[in-house]
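Undergrad: What follows is a protein structure lacking sequence information:
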């Protein structure tokens, strides 16, 4: 129901949820292996997954209102290169994409109605189905 790009932005939202759950944290570093997602988070212009980007920024704003001295840094890292836990995170992301995830974090559970099915993902799914049927 969603694109990989949307999944990366959702991962950044979940990172904020984790940071929020650690009340004594004064600094947090979020590592993302998707440069387009990082650029999108840093740019206010209209772009794909705007509803997720808006949700990220709303969450960040609320978090900074609660903890004014909290520093959050976003970094790019090459995909899964010698980073502890990255393979486990990748496995969990694949499970979630297949609808096999056991739980939804509170931040997303509260906002489920505003996360509509992605038009881009639906289009790609239909295109794949059409190509398969055409090949038959």
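TA: Right, received. Where do you want to start? What you are looking at is a predicted structure, and each value in this text was computed from that prediction instead of being measured.

Undergrad: measure residue 26 to residue 86 for me?
TA: From residue 26 over to residue 86 the distance is 25 Å, taken as C-beta to C-beta, to the nearest Å. (C-beta placed from N, C-alpha, C; glycine too.)

Undergrad: got the contact list for residue 32?
TA: With contact set as C-beta atoms under 8 Å, 6 or more residues apart in numbering, residue 32 has these partners: 8, 11, 12, 38, 74, 75, 76, 77.

Undergrad: quick revisit: out of residue 26 and residue 86, which sits in the busier spot?
TA: Higher neighbour count among residue 26 and residue 86: residue 86, with 15 against 9, using other C-beta atoms under 10 Å.

Undergrad: Sticking with residue 15, tell me its helix or strand.
TA: helix 4-20 (DSSP states H and E).

Undergrad: Would you mark the buried spots in that helix?
TA: 5-16, 19-20 (16 or more other C-beta atoms under 10 Å).

Undergrad: which helices and strands does it pack with?
TA: strand 27-32, helix 35-42, helix 50-66, strand 71-76, helix 86-97, helix 106-111 (3 or more C-beta pairs under 8 Å, 6 or more residues apart in numbering; DSSP states H and E).

Undergrad: Check those for me: which has the lowest mean pLDDT.
TA: If you rank the helices and strands packed on helix 4-20 by mean pLDDT, helix 106-111 sits at the bottom with a mean of 55.
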